[in-house]
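# model this:
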Amino acid sequence: MRRALPVNHRIDIGGVGCFIGRQAARSYWLIHTGIGPEAAQAAASAVLNRERMALAVSVGFAGALASGAAISDVIVGTRVVSGTFDGLWHESGQPVLCHEGAADAARAAAADIGLEAHTGAVLSVSTVICGAADKQRLARLTGAIAVDMESAALGTAALAQGVPFAVCRTVSDIVTEDLPLDFNLFLMRSGWMRGIAAIVMRPSSLIGLNRLRRQSRLAADRLTALSSAYAARDFGVVPHINTERA
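You can find the predicted model right below:
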């Protein structure tokens, strides 16, 4: 995002770093929320409680649940749903609908640069879904096209402030792929120590980590190109919204 959208200055709101830039008549804010729903909710609430925005967009990587989604394909949400998964899907809270105009602009931006876009429901969970079998079961149970950890929290915070919301992400791992490690280890207290220990115990995981690094780099490069094309379409923000910020 920083490569696609140059920024002029930075401010902090409640400890959240906000990078601010401008394109034509509209300013945009790039906000690094951190990993997981708690961090995303805290960051979004801090900013949206203070600043009125025309649109909030959840941007980043997603794990594909759609069988046809390939690495670096574009995920465009129609709605986001929060829940937990323990072999069964347990939905929590109300789904957040995504802004139709912003979704249309995201799909058009993907087409502008020749990227495949998949449109549908996006799930948000508080843990990383690491196994291919779990991803495939989650896809069957929900019909969702992708899973991430932040979009539902961001959407809920936007909805509370009456701010239109969109999801526009790129695929970092596909539905038939096992991740090389249990990345949930890194989310725990002293998690980095546990994660490094897991790598030491399974040196073969380095092969998978290198594969995931390459995939993430490609997904990041495509996300940069997508963000530039999306901004050129003004993120699909309709003119009658009485604000300049997105």
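# for the longest helix seen in the chain, packing partners?
Ranked by residue count under DSSP state H, the longest helix found in the chain is helix 205-232. Applying 3 or more Cβ pairs under 8 Å, 6 or more residues apart in numbering; DSSP states H and E, one finds that helix 205-232 contacts strand 56-64, helix 100-112, strand 165-173, helix 191-201. Every C-beta, even on glycine, is put in place using the N, C-alpha and C of the backbone.
# Which one of those has the poorest average confidence?
The stretch with the lowest average pLDDT out of those is helix 191-201, scoring a mean of 67.
# quick one on the thing from earlier: right, so the helices and strands packed on helix 205-232: which one is the most enclosed?
Greatest average neighbour count among those goes to strand 165-173 (a mean of 28), per mean count of other Cβ atoms under 10 Å.
# Can you tell me the strand partners of that one and which way each runs?
Partners of strand 165-173 in the sheet, by DSSP bridges, are strand 56-64 (parallel), strand 74-85 (antiparallel).
# relative to helix 100-112, how tilted is that strand?
40 degrees (axes from the mean of the first three to the mean of the last three Cα atoms, to 10 degrees).
# report the angle between the axes of strand 165-173 and helix 205-232?
Using the same axes, to 10 degrees: strand 165-173 against helix 205-232 is 150 degrees.
# and strand 165-173, how far from the chain's centre?
Put simply, strand 165-173 sits 5 Å off its chain's centre (Cα atoms, centre = their mean, to the nearest Å).
# How about stretch 53-67?
Stretch 53-67 sits 4 Å away from the centroid of its parent chain (Cα atoms, centre = their mean).
# Okay, now the unreliable bits of this protein?
186, 188-195, 197-200, 238-246 (pLDDT under 70).
# Ramachandran coordinates for residue 141?
When read as degrees, to the nearest 10, the backbone of residue 141 gives phi -70, psi -30.
# Next, count neighbours for the closest residue in space to it that isn't next to it in sequence.
Once flanking residues are discounted, residue 141 sits nearest to residue 89: 4.5 Å by Cβ to Cβ, 6 or more residues apart in numbering. Residues lying near residue 89 (other Cβ atoms under 10 Å) number 17.
# Next one: residue 89 from residue 154, what distance?
Remark: distance between residue 89 and residue 154 (Cβ to Cβ, to the nearest Å) = 20 Å.
# One more: residue 29?
Note on residue 29: its distance to residue 154, by Cβ to Cβ, is 13 Å.
# do residue 99 as well
Counting by Cβ to Cβ, the gap from residue 99 to residue 154 is 13 Å.
# shared neighbours of those two, which are they?
residue 165 (Cβ atoms under 8 Å, 6 or more residues apart in numbering).
# more crowded one of the two?
Legend: neighbour count by other Cβ under 10 Å for residue 99 and residue 154, higher for residue 154 (29 against 24).
# Check which helices and strands the host helix or strand of the more buried one sits against.
Secondary structure assigned from DSSP states H and E places residue 154 in helix 151-160. Here helix 151-160 touches helix 37-48, strand 56-64, strand 74-85, strand 89-97, strand 117-124, strand 165-173, going by 3+ Cβ pairs under 8 Å, 6+ apart.
# Touching, residue 212 and residue 180? I think so.
Yes. Look at residue 212 against residue 180 with Cβ atoms under 8 Å: they come within range, at 6.1 Å.
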